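A.B. asks: quick one, what's the 3D model for this:
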Amino acid sequence: MNKSFSLLFYIKKSKADKQNKANIYLRITIDGRRAESSIHRKIDINRWSSETGLAIGSSKEIQEINRYISSIKNKVYQHHQRFIEKGELITAIKLRDAFLEKDTNTKMLLKIFQEHNDQIEKLIGIDFAANTLVRYKTTLNHLTNYVTEEHKEDDINLKKVDIIFINGFEYFLKTSENCGHNTTFKYVSNLKKIIRIAYTNGWIEKDPFAHYKTKYKTVDREFLSEQEIQSIIEKDFRIERLNQVKDIFIFCCYTGLAYIDVKKLSKNNIVIGIDGEYWINTKRTKTDSTSNIPLLPSAYEILKKYTNHQDIKNTDKVLPVLSNQKMNSYLKEIADLCGIQKNLTFHLARHTFATTVTLNNGVPLESVSKMLGHRSLRTTQHYAKILDRKVGDDMKALRDKFGVNKDVNNAV
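C.D. replies: Next up is the predicted model:
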């Protein structure tokens, strides 16, 4: 049975403010029953036509109001048509609430993102590391800024997240938030996870990331040469804290452990391996993957040196690791005192282990990957490419040298 259906836009002149402006209202009527709502726009009461339900005039403001009214009409008609196609009962209130997105089943992007973060927070130390939560919180902050600043909303319906929204978020991160390409890639990837959860749960019908294309740009990672490692080892610092940071940094150069993994390293992680020698047996905090690393003599000597250190004597720890911030701060001093021009950070030790200590000394890529705790061999292959590039650079210098000699001989 067809029901009567009409839309009306109107103002209440008696409610005009001091500037003689009144709110514009939408009234939906179905079978004589009404539902009303403000459209959050005001108009000078002398610029309103009650006959047409539109603003009068040709100014920019008037044109914008009339376009907005037209867009509302289209949206209401679209919702009305969807109800008809689904064979659902249509009421004025139901249609109004559908247009206003008041459906209790409506999922909002920022809300479910926050719920996701709340779940991760409860699983820190079980399934997730604390840094994982930090990354998702930062992503949510950027996303909130994007929604409020660019879309002028407090939150946004999941169904409105499309490829245009995603591309807009990427552009916003690079311009308004001053994020680099790879940082932007990580934040968009975090959003992608939330959208995939929504898609899997059936909250959205299509995955808006299906046609999204972007790539992580490979960045050449710095590492220390054998000479640079040796210069640090041989340097004796007057400040004991510098010697302590130096030792722990060198320990990681010979084990490949990341900061968080060496900080939590305990006596239980030092085991006798299949070869009868000491090994490190641990799980990477970042990926939860197992790392089995034979202890090289230099690394083992550092462990023995700190056996009775006052900061770990009554604990299960094996090394007195300072905060990441302090470690990196002291490493800057160490680099200056050793004449090292590279940006010496704690994570550089892991890159040094992968390149200079292992791959450069003939350790197979698969073995290096296993010791680093990489889930994919492709991650480790990047270090091999770095070494290939270094070989190319070294040979170029050699070619240039021979090229110069040849020119000199010809000249003679």
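
A.B. asks: please count neighbours and contacts with C-alpha atoms only from this point.
C.D. replies: OK.

A.B. asks: check what pLDDT the residue nearest the centre of the chain gets.
C.D. replies: The chain has Tyr187 as the residue nearest its centroid, 3.0 Å off, counting by Cα atoms, centre = their mean. Residue-level confidence at Tyr187 comes out at 95, pLDDT.

A.B. asks: name the nearest residue to it, sequence neighbours excluded.
C.D. replies: Distances taken as Cα to Cα, 6 or more residues apart in numbering place Thr139 nearest to Tyr187, at 5.4 Å, with adjacent residues excluded.

A.B. asks: same question for Pro208.
C.D. replies: Pro208 sits nearest to Asp162 (Cα to Cα, 6+ apart), 4.9 Å away.

A.B. asks: quick revisit: any idea how far Thr358 is from the residue nearest to Tyr187?
C.D. replies: From Thr139 over to Thr358 the distance is 36 Å, taken as Cα to Cα, to the nearest Å.

A.B. asks: quick revisit: any idea how far the residue nearest to the centre of the chain lies from Lys217?
C.D. replies: 14 Å.

A.B. asks: again, but for Tyr306
C.D. replies: Taken as Cα to Cα, the span from Tyr306 to Lys217 is 40 Å.

A.B. asks: cool, Leu100 as well?
C.D. replies: Using Cα to Cα, Leu100 is found at 41 Å from Lys217.

A.B. asks: who has more neighbours, these two?
C.D. replies: Counted by other Cα atoms under 10 Å, Leu100 and Lys217 do not tie: Leu100 has more neighbours, with 13 against 9.

A.B. asks: scan the chain for its longest strand.
C.D. replies: Counting residues, the longest strand in the chain under DSSP state E turns out to be strand 33-44.

A.B. asks: check which helices and strands the helix or strand following that one sits against.
C.D. replies: The helix or strand immediately downstream of strand 33-44 is strand 48-49, counting by DSSP states H and E. Packing contacts for strand 48-49, counted by 3 or more Cα pairs under 8 Å, 6 or more residues apart in numbering; DSSP states H and E, involve strand 54-55.

A.B. asks: what strands line up against the strand it packs on, and which way round?
C.D. replies: Sheet pairing for strand 54-55, assigned by DSSP bridges, gives strand 48-49 (antiparallel).

A.B. asks: so what pLDDT did Ile112 get?
C.D. replies: 94.

A.B. asks: could you number the chain from 44 rather than 1 from now on?
C.D. replies: From this message on, residue numbering opens at 44, which makes the last subject Ile155.

A.B. asks: so it sits in a helix?
C.D. replies: Yes. Counting by DSSP: H, G, I helix; E, B strand; the rest coil, Ile155 is part of a helix.

A.B. asks: now do the contacts for Val190.
C.D. replies: When contacts are counted by Cα atoms under 8 Å, 6 or more residues apart in numbering, Val190 touches 196-199.

A.B. asks: nearest to Lys129, of those?
C.D. replies: Lys129 has its nearest neighbour among these in Ile199, at 24.5 Å by Cα to Cα.

A.B. asks: my guess is the closest one contacts Leu152, does it?
C.D. replies: Yes. At 5.7 Å, Ile199 and Leu152 qualify as touching, with contact defined as Cα atoms under 8 Å.

A.B. asks: so for those two, which sits in the more crowded spot?
C.D. replies: Leu152 (23 against 19).

A.B. asks: how far away is that one from Glu248?
C.D. replies: In this view, Leu152 and Glu248 are 15 Å apart by Cα to Cα.

A.B. asks: next one: Ala98
C.D. replies: The value you get for Ala98 to Glu248, if Cα to Cα is used, is 37 Å.

A.B. asks: the two - which one has more neighbours?
C.D. replies: With neighbours defined as other Cα under 10 Å, Ala98 and Glu248 compare such that Ala98 has more, 22 against 11.

A.B. asks: how close does the nearest residue to the more buried one once chain neighbours are set aside get to Glu79?
C.D. replies: Nearest residue to Ala98 in three dimensions, chain neighbours excluded: Trp91, at 4.6 Å (Cα to Cα, 6+ apart). Taking Cα to Cα as the measure, Trp91 falls 18 Å from Glu79.

A.B. asks: go on, Arg70?
C.D. replies: Going from Arg70 to Glu79 by Cα to Cα gives 4 Å.

A.B. asks: next one: Lys236
C.D. replies: As judged by Cα to Cα, Lys236 and Glu79 stand 38 Å apart.

A.B. asks: between these two, which is the more surrounded one?
C.D. replies: Glu79 (17 against 13).

A.B. asks: from what I can see that one touches Tyr68, true?
C.D. replies: Yes. Using Cα under 8 Å, Glu79 is in contact with Tyr68, at 6.9 Å.

A.B. asks: what number of residues lie near Leu183?
C.D. replies: 21.

A.B. asks: for Ile108, same thing?
C.D. replies: Neighbours of Ile108 under the rule other Cα under 10 Å: 18.

A.B. asks: any idea of the angle the helix or strand hosting it forms with strand 76-87?
C.D. replies: Assigned by DSSP H and E, Ile108 falls within helix 103-129. Interaxial angle of helix 103-129 relative to strand 76-87 (axes from the mean of the first three to the mean of the last three Cα atoms, to 10 degrees): 160 degrees.

A.B. asks: on contacts alone, who are the packing partners of helix 103-129?
C.D. replies: strand 97-98, helix 135-142.

A.B. asks: what residues does the longest one touch?
C.D. replies: Read that as helix 135-142. 71-73, 76-80, 118-119, 122-123, 146.

A.B. asks: distance between that helix and the chain's centre?
C.D. replies: Between the centre of helix 135-142 and the centre of its chain there are 37 Å (Cα atoms, centre = their mean, to the nearest Å).

A.B. asks: repeat that for the shortest one.
C.D. replies: Centroid displacement of strand 97-98 relative to its chain, using Cα atoms, centre = their mean, is 45 Å.

A.B. asks: circling back: buried ones only from the contacts of helix 135-142, please, as a ChimeraX command.
C.D. replies: Restricted to buried positions by 16 or more other Cα atoms under 10 Å, the ChimeraX selection for those reads:
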select :71,72,73,77,78,79,119,122,123
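
A.B. asks: and the contacts of helix 135-142 as a markdown table, adding distance to Pro340?
C.D. replies: A markdown table is the format used below for these (distance: Cα to Cα, whole Å):
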| residue | distance to Pro340 |
| --- | --- |
| Ile71 | 81 |
| Thr72 | 84 |
| Ile73 | 84 |
| Arg76 | 85 |
| Arg77 | 83 |
| Ala78 | 80 |
| Glu79 | 79 |
| Ser80 | 76 |
| Lys118 | 72 |
| Val119 | 74 |
| His122 | 72 |
| His123 | 76 |
| Asp146 | 66 |
